[in-house]
Every structure is written in structure tokens, then in C-alpha cells.
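[1] Got a predicted model here, sequence first, then my questions.
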Amino acid sequence: QVQLVESGGGLVQAGGSLRLSCAASGSISSINAMRWYCQAPGKQRELVAAITSTGITNYADSVKGRFTISRDNAKNTVYLQMNSLKPEDTAVYYCNADLQRIGVSGTYRYWGQGTQVTVSS
């Protein structure tokens, strides 16, 4: 079994900061890319940021310069540092990871359960 568990969401005023964490656990052999998505009410889920196993990152234009994605490979954890938050950042944030499982061939994508981020004006 593999689980991704997010934490760090909450309510913050515009201009504030939050740090999201997503820890992968279970029978994991290795993890390739890890990503953060967001989904606002009535909207499709969209990619916020991604990071490869070697640390190469990419960001949605809307968060460039404000958000930073990072990972700790020893802890199988990905982070999203969110600064200068805006009300339009309000959404449920999900992480996902492409990983290999011990004793199982292939690469699989797993999702976390999501964490709510609310930015008040």
C-alpha cells in the first residue's frame, strides 16, 4: 500500500504565507516526479508546480515568483512554499507522485486527499 498525505493548509490573509507538505509512505522503491495541483470550486484541477527526482522544477505562470516547490528524497516528501498569497489562490491543493513500488513492475501515479487553502482579502 502507498499513501500520500498532505498537510499545512489553512486560512490566511492576503499577502501571507503557507507551507504545504506531502509525505509519501508505504512500499515505495523510488519516486520520479512529484507535483502540486489546485482545484477551486467549479473549476478544473490544474497544475501548480512540479519537481523531478533531480530537482528540476516548473510552475504555472500564475504562481511564478510567489510559490516554491521542493522535495526531500530521504523523507519521500514534497513541499510547496506559498508566499504573497492572493484570494484567487483559494482552492483545495492536491499532491501527486509517480513512483515505483517494491516488488511490483511499472510506474504508478498516486494522489493525496487534498488540503484546503483559503486566502481572505
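    On my side now, so go ahead. Numbers count the residues shown, from 1 in each chain.
[2] My reading is that Asn32 lies in a strand. Confirm?
    Yes - per DSSP: H, G, I helix; E, B strand; the rest coil, Asn32 lies within a strand segment.
[3] In contact with it, which residues?
    Taking CB atoms under 8 Å, 6 or more residues apart in numbering as the criterion, Asn32 is in contact with 52-53, 97-100, 107. Backbone N, C-alpha and C define where each C-beta goes, glycine included.
[4] mind running it again at 6 Å?
    53, 98 (CB atoms under 6 Å, 6 or more residues apart in numbering).
[5] Look up how far Pro41 lies from it.
    31 Å (CB to CB, to the nearest Å).
[6] what about the spatially most central residue of the chain, helix or strand, and which?
    Of all residues in the chain, the one closest to the mean position by CA atoms, centre = their mean is Trp36, 2.9 Å from it. Following DSSP states H and E, one finds Trp36 within strand 28-39.
[7] which residues in this structure form strands?
    Using DSSP state E, the strands of the chain run over 2-7, 10-13, 18-26, 28-39, 46-51, 57-59, 67-72, 77-82, 91-101, 108-111, 115-120.
[8] ok, and for the second one, which residues are buried?
    Buried residues in strand 10-13, counting neighbours by 16 or more other CB atoms under 10 Å, are found at Val12.
[9] Could you measure from the residue nearest to the centre of the chain over to Gln1?
    Counting by CB to CB - Trp36 and Gln1 are separated by 22 Å.
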